[in-house]
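> Task: produce atomic coordinates for the following.
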Amino acid sequence: MGKKVEKTNVMRILDQKKVPYTAHFYEEENGPDGTREYGLHVAQALGQDPKRAFKTLTARGASGGVYVFDIPVTDSLDLKKAAKAVGEKSVELLHVSEITAVTGYVRGGCSPVGMKKAYPTVFHASALEYATIYVSAGKIGAQVEAAPGDLLTLLRAETADLIV
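All right, here's what the predicted structure looks like:
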């Protein structure tokens, strides 16, 4: 008998909202420089197409509002495009020290699902090119795979061109 899988808050929310998903787990590893490996390394470890694995970035706009952007792990957020997508003059990524207080998640385990508040969320438009995409399950070592349309509906999210 295998060990029992501990559900994350993200999985509980998806269950409650009846959003189908598949949970994926991986061993957390440190990179050659001693830091945790994120994004691309996780996608490769799980045999995923990195273009379907999305990282969650949180930013603050010039007005003080908080925004969530989900982009493929191999790409970089274009701050000008991100600001335009949410109707701000400019946006800046939150400092690492603010992430947990604002989102309820730790860096590397940030999910667009289940943040402390329902912040305006924008996925890179490429999410719609796939039947399913991967996002963090809310902790390092866990991901959920779900249909992008289901995530967009659940989060009342939009899509836009967000990458450099």
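> Okay, buried residues for the helix or strand containing Asp150 please.
Asp150 is part of helix 148-155, with elements assigned from DSSP states H and E. Counting neighbours by 16 or more other CB atoms under 10 Å, one finds that the buried residues in helix 148-155 are Pro148, Asp150, Leu151, Leu152, Leu154, Leu155. In this view, the C-beta of every residue, glycine as well, is placed from N, C-alpha and C.
> Including distance to Gly47 and pLDDT, could the residues you listed go into JSON lines?
As requested, the buried residues of helix 148-155 are exported to JSON lines (distance: CB to CB, whole Å; pLDDT from 0 to 100):
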{"residue": "Pro148", "distance to Gly47": "20", "pLDDT": "98"}
{"residue": "Asp150", "distance to Gly47": "22", "pLDDT": "98"}
{"residue": "Leu151", "distance to Gly47": "21", "pLDDT": "98"}
{"residue": "Leu152", "distance to Gly47": "25", "pLDDT": "98"}
{"residue": "Leu154", "distance to Gly47": "26", "pLDDT": "97"}
{"residue": "Leu155", "distance to Gly47": "26", "pLDDT": "97"}
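> Name the next helix or strand following the helix holding Asp150 along the chain.
From helix 148-155, the next helix or strand downstream (DSSP H and E) is strand 158-160.
> any idea of the mean pLDDT for that following strand?
In this model, strand 158-160 has a mean pLDDT of 98.
> Neighbours of Arg12, how many?
Applying other CB atoms under 10 Å, we find 13 other residues in the vicinity of Arg12.
> how far does the helix or strand where it lies sit from the chain's center?
In this assignment (DSSP H and E), Arg12 forms part of helix 9-16. Relative to the chain's own centre, helix 9-16 is displaced by 15 Å; criterion: CA atoms, centre = their mean, to the nearest Å.
> hmm, who's touching it?
The contact list for helix 9-16 (CB atoms under 8 Å, 6 or more residues apart in numbering) reads 7, 20-21, 23, 111, 113-114, 136-138, 144, 146, 154.
> could you redo the last one with a cut-off of 6 Å?
With contact meaning CB atoms under 6 Å, 6 or more residues apart in numbering, helix 9-16 is reached by Tyr21, Ser111, Val113, Gly114, Ala137, Gly138.
> Mind listing the strands the helix or strand just after that helix pairs with, and their directions?
Secondary structure here is assigned by DSSP H and E; on that basis, the next helix or strand after helix 9-16 toward the C-terminus is strand 22-25. Partner strands and pairing direction for strand 22-25 (DSSP bridges) are strand 142-146 (antiparallel).
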